[in-house]
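Trainee: quick one: sequence and predicted model below, then my questions.
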Amino acid sequence: MISPAKMFKIALYTAAISVGLSGMSVMGADLAYAQKLPPPAVQPTPPQGQGKLIQTREIDVTGDGQFEVVSLVGWQSDPNTAYFDKLFIAIVGQNQAQVVIPLPGGYNPKMDFCDFIHDGMPQIYVTSDTGGSGGYTTNHIYSLKNNVPTAIPMPGPLHADATFKKNYKVKMKIQETGKSFTLDIADRKEAYEQFGIYSHGKVVKPIIVNVDDYSQLKPVDVDLDGFCELKGVQRITGIANADTLGYVTSVWKWKGNAWKLKEAAVVQTVKTSLMRPPGPEDED
Ligand SMILES: [Ca+2]
Ligand SMILES: [Ca+2]
């Protein structure tokens, strides 16, 4: 005997999946047609690929005291890869219109809930890896207050200027704060000598140092006030993409109606929990 509450949960769950999947089948079909027009009088090709429920959670994201079922659903054109071509957040609640929010695709999608914007209810955070050699992430936060989906703008990446100093030191000045930090790159001095950037520890020909986009921008309650800040990690690269000189780290706190930079630093290494391990999809 299934209780009515349990029945409702199952119904919500099924609805969440079908909402996501029906949307995706249509798109899958469109994709198939766009690529190959079927000859007339032939049955249309069934949509390629498949939908997958990645994560689901019962939580009140609308602020009415009633739980919604919030699901992260992905659609893969090739289920043999780890890549999701499209991602969706599906929100299904009692006496509320179903909401489906489409997101760009990615690897390793993950959904989290936290009150970022200090309005007394959790928002939905979704992150995924873009893949490729950069190892970037795309990050989104949506408020579902009163069942109205609203995208919360995300902080942009920080910028820093590099100056090569003698004895394999790189001074990194963060543009947004004006603060400088020094990285020690003596552990790779052979390569820097070989590339002609240094000669016997003296700067000969400096190169452009890149500060990448966020390899992570994740929710952390840094100041333990019950609201989430965003903690960012950006990789600093030198000679090649694989030559990681260090990281720009940042902490963003919501204030009024925008993110405010609370902390920013350049560090030699970051704790592994803040680093996205390179995936098999990363290619150089
Ligand atoms: Ca609710
Ligand atoms: Ca906090």
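Mentor: Structure received. Numbering: from 1, shown residues only. Ligands and ions are numbered 1, 2, ... in the order given.
Trainee: Provide the strand pairings for the strand ranked longest in the chain, with the direction of each partner.
Mentor: Using DSSP state E to define each element, the chain has its longest strand at strand 99-114. Paired strands of strand 99-114, with direction, are strand 84-93 (antiparallel), strand 123-131 (antiparallel) (DSSP bridges).
Trainee: all strands for the stretch 1-150 of the chain, in order.
Mentor: Counting by DSSP state E, counting those that start in this stretch, the stretch 1-150 of the chain has strands at residues 50-59, 68-76, 84-93, 99-114, 123-131, 136-143, 150-152.
Trainee: quick check: what element follows the shortest one along the chain?
Mentor: Read in the C-terminal direction, the helix or strand following strand 150-152 is strand 160-165, with elements assigned using DSSP states H and E.
Trainee: which other helices and strands contact that following strand?
Mentor: strand 169-174 (3 or more C-beta pairs under 8 Å, 6 or more residues apart in numbering; DSSP states H and E). No exception for glycine: its C-beta is placed from N, CA and C like everyone else's.
Trainee: enumerate the positions of the strand it packs on that are buried.
Mentor: 170, 172, 174 (16 or more other C-beta atoms under 10 Å).
Trainee: pull stretch 170-185 out as CSV, backbone CA atoms only.
Mentor: Provided in CSV are the C-alpha atoms of stretch 170-185 (Å, rounded to 0.1, in the frame of the first residue of the first chain):
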residue,chain,number,x,y,z
VAL,A,170,56.8,36.4,-11.4
LYS,A,171,55.1,39.4,-9.9
MET,A,172,51.3,39.2,-10.5
LYS,A,173,49.2,42.3,-10.0
ILE,A,174,45.5,41.7,-9.7
GLN,A,175,43.8,44.5,-11.8
GLU,A,176,40.6,44.5,-9.8
THR,A,177,42.3,45.1,-6.4
GLY,A,178,45.8,46.5,-7.3
LYS,A,179,47.4,44.0,-5.0
SER,A,180,50.6,42.2,-6.1
PHE,A,181,51.8,38.7,-5.3
THR,A,182,55.0,36.9,-6.2
LEU,A,183,55.1,33.4,-7.8
ASP,A,184,58.3,31.4,-7.6
ILE,A,185,58.9,29.4,-10.8
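Trainee: how far is that stretch from where the chain is centred?
Mentor: The chain centre lies 25 Å from the centre of stretch 170-185; the measure is C-alpha atoms, centre = their mean, to the nearest Å.
Trainee: avg pLDDT for that stretch?
Mentor: Mean pLDDT, stretch 170-185: 98.
Trainee: who's in contact with it?
Mentor: Residues outside stretch 170-185 that contact it (C-beta atoms under 8 Å, 6 or more residues apart in numbering): 158-165, 168-169, 192, 209, 236, 238, 245-246, 248, 261, 264-268.
Trainee: if we can go back for a sec, any idea which of the strands paired with strand 99-114 gets closest to ligand 1?
Mentor: Nearest to ligand 1 among the strands paired with strand 99-114 is strand 84-93; the distance by C-beta to the ion comes to 5.3 Å.
Trainee: which ones are touching residue 128?
Mentor: 84, 87, 103, 104, 105, 106, 107, 108, 109, 110, 137, 138.
Trainee: separation between it and residue 224?
Mentor: 28 Å (C-beta to C-beta, to the nearest Å).
Trainee: over to residue 157?
Mentor: Distance, residue 157 to residue 224, by C-beta to C-beta: 26 Å.
Trainee: residues from the stretch 101-250 of the chain in reach of ligand 2?
Mentor: When proximity is defined by C-beta under 5 Å from the ion, the stretch 101-250 of the chain lies next to ligand 2 at 221, 223, 225, 227.
Trainee: hey, C-alpha coordinates of stretch 255-270 in PDB?
Mentor: Included here for stretch 255-270 are C-alpha records, laid out as PDB according to Å, rounded to 0.1, in the frame of the first residue of the first chain:
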ATOM      1  CA  LYS A 255      25.600  42.600  -1.500                       C
ATOM      2  CA  GLY A 256      22.500  44.600  -2.400                       C
ATOM      3  CA  ASN A 257      22.000  43.300  -6.000                       C
ATOM      4  CA  ALA A 258      25.400  42.300  -7.100                       C
ATOM      5  CA  TRP A 259      28.500  40.300  -6.300                       C
ATOM      6  CA  LYS A 260      31.200  42.100  -4.400                       C
ATOM      7  CA  LEU A 261      34.800  40.900  -4.400                       C
ATOM      8  CA  LYS A 262      35.600  40.100  -0.800                       C
ATOM      9  CA  GLU A 263      39.100  38.600  -1.200                       C
ATOM     10  CA  ALA A 264      41.500  38.000  -4.100                       C
ATOM     11  CA  ALA A 265      44.900  36.400  -4.100                       C
ATOM     12  CA  VAL A 266      47.500  34.800  -6.200                       C
ATOM     13  CA  VAL A 267      48.700  31.500  -4.800                       C
ATOM     14  CA  GLN A 268      51.200  28.900  -5.900                       C
ATOM     15  CA  THR A 269      49.000  25.900  -5.200                       C
ATOM     16  CA  VAL A 270      45.400  25.400  -4.200                       C
END
